[in-house]
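# give me coordinates for this.
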Amino acid sequence: MLATSGFALFDTAIGRCGIAWSELGIAAVQLPEQDDQATRSRLLKQCANAVEAPPPPDVREVIEGITRLFLGEPVDLTSAVLDSDGLPNWS
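This is a model prediction of the structure:
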């Protein structure tokens with residue numbers, strides 16, 4: 001289970017997505033489900049201790065990038081800091 005501090009839902013061209021973050025970076029992104037509650041539930045399966053909160057500035061930048069990406073705009077998200085804590089070490 002990832003140690004996340006917050007999550008938020010946000011509107012995109014394909015529906016309301018979710019994003020969770022920790023002090024280490026972006027912990028999870030969730031594509032839209034059938035409704036907001038289902039999107040929240042799916043996101044919280046990955047980040048059970050996250051609380052819904054306004055995203056900090058660096059997460060807002062990622063949300064803006066994802067939103068633009070789903071509008072078909074070319075977006076470079078490589079500068080997004082990811083929280084890879086809890087992922088297997090493949091090296």
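# and the residue nearest in space to the middle of the chain, bridged to which residues?
By Cα atoms, centre = their mean, the chain has its centre lying nearest to Ile19, at 2.0 Å. In this entry, Ile19 is beta-bridged to Ala8, Val29, by DSSP bridges.
# who's in contact with it?
Each residue near Ile19 by Cβ atoms under 8 Å, 6 or more residues apart in numbering is listed here: 7-8, 10, 26, 28-30, 43, 55, 59, 62-63, 66. All C-beta atoms are positioned from the backbone trio N, CA, C, and that covers glycine.
# most surrounded residue in the residues you listed?
Tallying neighbours with other Cβ atoms under 10 Å puts Leu43 at the head of the contacts of Ile19, with 26 neighbours.
# quick one on the thing from earlier: need the contacts of Ile19 in CSV with pLDDT and distance to Ala80, can you?
Listed next are these as CSV, based on pLDDT from 0 to 100; distance: Cβ to Cβ, whole Å:
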residue, pLDDT, distance to Ala80
Phe7, 97, 16
Ala8, 98, 15
Phe10, 98, 14
Ile26, 96, 6
Ala28, 94, 12
Val29, 97, 10
Gln30, 97, 15
Leu43, 95, 17
Pro55, 97, 12
Val59, 97, 9
Val62, 98, 5
Ile63, 98, 10
Ile66, 98, 9
